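Q: Sequence first, then the predicted structure, then my questions.
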Amino acid sequence: MAAPDRKGTKLVATNRAARRDYDVLDTLEVGIMLRGSEVKSLRESKVQLNDAFARIDHAEMWLYGMHLAAYSHSTGVFGHVPERNRKLLAHKSEILRWKARVDLERLAIVALSLYFKDGRAKLELGLAKGRRKGDHRQALIKKEADIEARRAISAARRERG
């Protein structure tokens, strides 16, 4: 029997609140160390990234706060702990560069999305600065202005044609 085709990407989960609550300055794609039952649970999309963030300790990057539900067909010893901290895989130079920026500019590292790329689980991290309440309002006003501008442009095109 032929091996299944693993090319392409399959989005598993996104953290929409992170894009709303933070200004994302930079992004980084990292691998994530998982156990067998965790990978199978990911393929079932049983994951929540709402409170997920990363920390850098001793030149290693760790993911905290990601809830990965138990795989439906594993029990007892073969299962996994849903809330455990998971090690992230990235080049040491990237980790040290991000650590310097986090320490210097007081930024946060938030999980933005989780997906499979060529059969491997990948996590998109964002180097982010928290928004204040006024920033939320300004972002909403800008978004509404962009929508209005697009509507006006499309209406003008319809009138010409």
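A: Thanks, I have it. Numbers count the residues shown, from 1 in each chain.
Q: Tell me where the protein is predicted with low confidence.
A: 1-6, 73-81, 161 (pLDDT under 70).
Q: Show me the domain layout of it.
A: What automatic domain parsing lists as the domains of the chain is 9-130, 132-161.
Q: For this structure, which segments are assigned as helices?
A: 16-21, 36-43, 92-105, 133-160 (DSSP state H).
Q: what comes up buried for the second one?
A: In this case it means helix 36-43. Neighbour counts over helix 36-43 (16 or more other C-beta atoms under 10 Å) mark 37-42 as buried. In this view, the C-beta of every residue, glycine as well, is placed from N, C-alpha and C.
Q: Show me what it is packed up against.
A: For helix 36-43, the packing partners by 3 or more C-beta pairs under 8 Å, 6 or more residues apart in numbering; DSSP states H and E come out as strand 67-68, strand 108-117.
Q: Let's see that with 6 Å instead.
A: Contacting helix 36-43 under the criterion 3 or more C-beta pairs under 6 Å, 6 or more residues apart in numbering; DSSP states H and E is no other helix or strand.
Q: just the angle between that helix and strand 108-117, please?
A: 90 degrees (axes from the mean of the first three to the mean of the last three C-alpha atoms, to 10 degrees).
Q: likewise the third one?
A: With the same axes, to 10 degrees as the criterion, the two stretches helix 92-105 and strand 108-117 enclose an angle of 150 degrees.
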